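Engineer: coords below, sequence missing:
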């Protein structure tokens with residue numbers, strides 16, 4: 001088997017990096033991240049094309065491995081976030097093709113690129129509250145800067161999946177490309193043309209808004225999640241709505257880890273006033289607390305959902321929103337006992 005988990009091809013103007021762990025939807029581990037960092041250290045001013053092999057861009061981190069090897073979490077998240085930070089800070093133009101599954105850390109990695117291309121096959125989400133953790137890899141920066149703040153909060157708490165048209169109209173994607181246009185010829189044009197933005201614009205289209213999946217329910221999302229003061233208030237609004245969408249959303253929130261919901265709700269409020277690097281620092285503090293220091297929910301969520309693939313609600317601790325201690329929420333946000341990440345110290 002090829003030992004390279006990130007394949008590189010270059011031209012005088014462009015560097016193309018392809019994630020190749022196709023059996024796990026290009027989910028990354030420490031070895032892939034190490035290779036990615038090595039390649040990012042070369043040609044900082046060269047154009048960069050980031051893509052995934054097979055049917056996915058990237059499903060995020062290899063959380064099944066991490067849930068069994070918690071000692072790897074500190075380094076794994078540090079390497080993930082520093083890769084996002086380095087991508088965002090690169091001098092050269094960059095583009096991510098969000099083909100297929102683009103979730104968690106994969107969604108974060110794509111957003112760090114200056115151009116982000118959605119396709120009809122795109123499945124974009126931050127599903128971490130269902131796994132006993134919180135959206136990360138820049139998620140809180142992304143979700144607080146969408147065209148709708150209420151939709152950002154909805155996506156963060158429920159882990160709902162967007163399609164390519166949703167991504168385009170929310171501002172997650174800068175371009176939208178029909179699947180049949182994602183051909184080697186386009187990448188070759190981007191690699192060699194005078195202006196890659198022009199090449200991308202010529203190939204891309206504006207999707208019909210009727211193709212959106214999540215944004216069809218935007219009015220209800222705004223009513224339930226907009227300007228809410230707490231997760232509990234969102235549930236009260238949903239209960240009063242009594243629509244099929246509200247019922248489904250209540251069920252979804254009821255399935256999620258209560259501590260994750262509470263921590264993430266507060267993190268979104270804080271992230272509004274932070275820059276990109278500061279959001280990554282905040283997220284590192286949170287995930288250190290929730291995957292290493294307070295690891296029970298993370299282990300339970302990943303094993304229950306992804307390993308045993310059970311449909312029932314995981315055994316969260318605490319099991320209800322009312323039982324979540326405000327002291328625990330604050331500890332997760334401040335990370336008083338764990339290692340720190342400070343993005344200003346990252347060397348490009």
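Structural biologist: Ah, there it is. Everything numeric here is computed off the predicted structure, so don't read it as measured data.

Engineer: show me the shaky parts of the chain.
Structural biologist: Counting by pLDDT under 70, the chain contains low-confidence residues at 1-3, 180-183, 345-348.

Engineer: what helices or strands is the top helix by length along it leaning on?
Structural biologist: Using DSSP state H to define each element, the chain has its longest helix at helix 73-89. Under the contact criterion of 3 or more C-beta pairs under 8 Å, 6 or more residues apart in numbering; DSSP states H and E, helix 73-89 touches helix 30-40, helix 105-111, helix 276-288. All C-beta atoms are positioned from the backbone trio N, CA, C, and that covers glycine.

Engineer: can you lay out the ones you listed as TSV showing distance to residue 314?
Structural biologist: Formatted as TSV, these follow (distance: least, C-beta to C-beta, whole Å):
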stretch	distance to residue 314
helix 30-40	26
helix 105-111	21
helix 276-288	18
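
Engineer: the strands in the stretch 151-300 of the chain, which residues?
Structural biologist: Ranges of strands in the stretch 151-300 of the chain, per DSSP state E, counting those that start in this stretch, are 175-176.

Engineer: for residue 238, list the residues it contacts.
Structural biologist: Counting by C-beta atoms under 8 Å, 6 or more residues apart in numbering, residue 238 makes contact with 224, 246, 247, 249, 250, 253.

Engineer: and residue 50, backbone torsions?
Structural biologist: Phi and psi for residue 50, reported as degrees, to the nearest 10, are phi -110, psi 130.

Engineer: and for it, nearest residue in space, chain neighbours not counted?
Structural biologist: Leaving aside its chain neighbours, residue 50 sits nearest to residue 96 (4.5 Å; criterion: C-beta to C-beta, 6 or more residues apart in numbering).

Engineer: who's in contact with that neighbour?
Structural biologist: Residue 96 neighbours (C-beta under 8 Å, 6+ apart): 50, 51, 57, 109, 110, 111, 113, 115, 116, 117.

Engineer: can you do 6 Å?
Structural biologist: 50, 110, 113, 116 (C-beta atoms under 6 Å, 6 or more residues apart in numbering).

Engineer: how close does the first one get to residue 21?
Structural biologist: Going from residue 50 to residue 21 by C-beta to C-beta, to the nearest Å gives 14 Å.

Engineer: also the second one?
Structural biologist: From residue 110 across to residue 21, the span is 16 Å (C-beta to C-beta).

Engineer: more neighbours, those two?
Structural biologist: Under the criterion of other C-beta atoms under 10 Å, the comparison of residue 110 against residue 21 puts residue 110 first, with 33 against 21.
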